[in-house]
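K.L.:
What shape does this take:
(one chain, ligands or ions: 1)
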Amino acid sequence: MNSLPIGVFDSGIGGLTVVNAIQEHLPHENIVYVGDTARVPYGSRSPGTVTEYATQIAAYLEHTGVKEILIACNTASAVALDAVAARTALPVSGVIVPGAEAALKLNGSAPIGVLATRATITSDAYRHAIEHLEPAAEVVSVATPLLVPLIEEDCMDEPFTMKVLQHYFEPSRLHECDALILGCTHYPLLADQIARVFGRPVADTPTATALALAESLRRHDAFTDSSETGSLSVLLTDDADRSLGIVSRRLGVRITETRKIDLSELAAPENGPSGSPTA
Ligand code: DGL
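P.N.:
All right, here's what the predicted structure looks like:
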C-alpha cells in the first residue's frame with residue numbers, strides 16, 4: 001500500500017503548482033496526476049457538472065491504484081470534495097482548508113482577500129473554511145477569470161497583465177486586506193505580480209497543501225519506504241499542448257511520463273487504464 005502513488009487531479013495543468021510543492025516536500029513519493037484538459041475550465045461550470053467530472057476522475061484514480069487522493073483544483077475542492085470523499089474509502093483532501101489556514105497565519109485583524117474562479121467564489125468555500133477556523137474573520141472575495149488564460153499564454157510578465165490585476169484590485173476592497181489567498185491552481189505562477197499590486201503577503205497554498213498531505217500520510221502511516229526520487233505520471237484527457245510546457249518549465253516540475261487517457265476511461269474506470277503517448 002505505501003508504495004502506491006498519490007493520486008492528484010485538476011481540471012487541467014494548473015494543479016502542477018501543487019505537484020511541484022509535493023515534489024519539494026515529499027520527494028520520494030510517486031504521483032499520478034490527472035489533468036482534465038478536454039473539459040477545462042471547471043471554473044465557469046455548474047457545481048453539478050464539476051462534481052460529476054471530479055467523481056469520475058477520483059473513481060479512475062482509485063481503480064488505477066493510489067493510496068490517497070488530493071484534489072489540486074480549487075473549483076473541484078470547493079464544490080465536489082464531499083461528494084468525492086463519500087464515494088471512496090481512500091483518504092481525500094483538497095486545497096481550500098490548507099489555503100485558509102495559511103492565510104490566517106499571515107493575517108492580523110484586517111479582512112482576508114480571496115482571488116479565484118467564478119465557481120469557487122460563488123461556492124463561498126473559502127469564506128466558510130475561514131469562518132470555521134476564525135469566526136470573527138472577514139473575507140473579501142473577487143472572481144478573477146481573466147488570469148488563467150493570461151498564465152496559460154505565458155503573459156505573466158506582460159504590462160497588460162498588471163493592468164488586468166489593477167482592473168480587479170482597484171474597484172474592490174482588496175486593498176483593505178492584509179493577507180491574500182490565491183484560490184486557483186494557476187495563480188501561484190503570477191504570485192510575484194499579484195504581490196506587487198497587493199503590496200502585502202500572499203498565502204502559499206501549494207506549500208500548505210503539500211504539508212497537509214504529508215500530515216495525512218503520517219496519520220495513515222502511508223509514507224513510501226523508497227529512498228529513490230519519486231516518479232510523476234501526467235495523464236491528460238486531451239493531447240498535451242504548449243501550456244503544459246509553459247507551466248512545467250516555469251515551475252521546474254519533474255515529469256517522468258505524459259500520456260493521454262480517453263474520457264471513456266474516466267466514465268468507466270473498470271475498463272482499466274490504457275493511454276498513448278501525447279504529442
Ligand atoms: N484548476 C482551476 C481552479 O483551481 C482553474 C482552471 C479552471 O477554471 O478549470 O479553480
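K.L.:
In CSV, list the C-alpha atoms belonging to stretch 117-128.
P.N.:
Taking C-alpha atoms only, stretch 117-128 is exported to CSV below (Å, rounded to 0.1, in the frame of the first residue of the first chain):
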residue,chain,number,x,y,z
THR,A,117,-12.6,31.4,-10.4
ARG,A,118,-16.3,32.4,-10.5
ALA,A,119,-17.4,28.9,-9.4
THR,A,120,-15.1,28.9,-6.4
ILE,A,121,-16.2,32.4,-5.4
THR,A,122,-19.9,31.6,-5.8
SER,A,123,-19.5,28.4,-3.7
ASP,A,124,-18.2,30.6,-0.8
ALA,A,125,-16.0,27.6,0.2
TYR,A,126,-13.1,29.8,1.3
ARG,A,127,-15.3,32.1,3.3
HIS,A,128,-16.8,29.0,5.1
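K.L.:
Can you list the buried residues in it?
P.N.:
Going by neighbour count (16 or more other CB atoms under 10 Å), the buried part of stretch 117-128 is T117, A119, T120, I121, T122, S123, A125, Y126, R127. Yep, even glycine has a C-beta here, placed from its N, CA and C like the rest.
K.L.:
quick one: which of those residues is nearest the ligand?
P.N.:
Nearest to the ligand among the buried residues of stretch 117-128 is T117, at 4.5 Å by CB to the nearest ligand atom.
K.L.:
Correct me if wrong: that closest one contacts C184.
P.N.:
Yes - counting by CB atoms under 8 Å, T117 touches C184, with 5.6 Å between them.
K.L.:
List the residues that are in contact with both of these two.
P.N.:
G43, N74, T75, T144, V148 (CB atoms under 8 Å, 6 or more residues apart in numbering).
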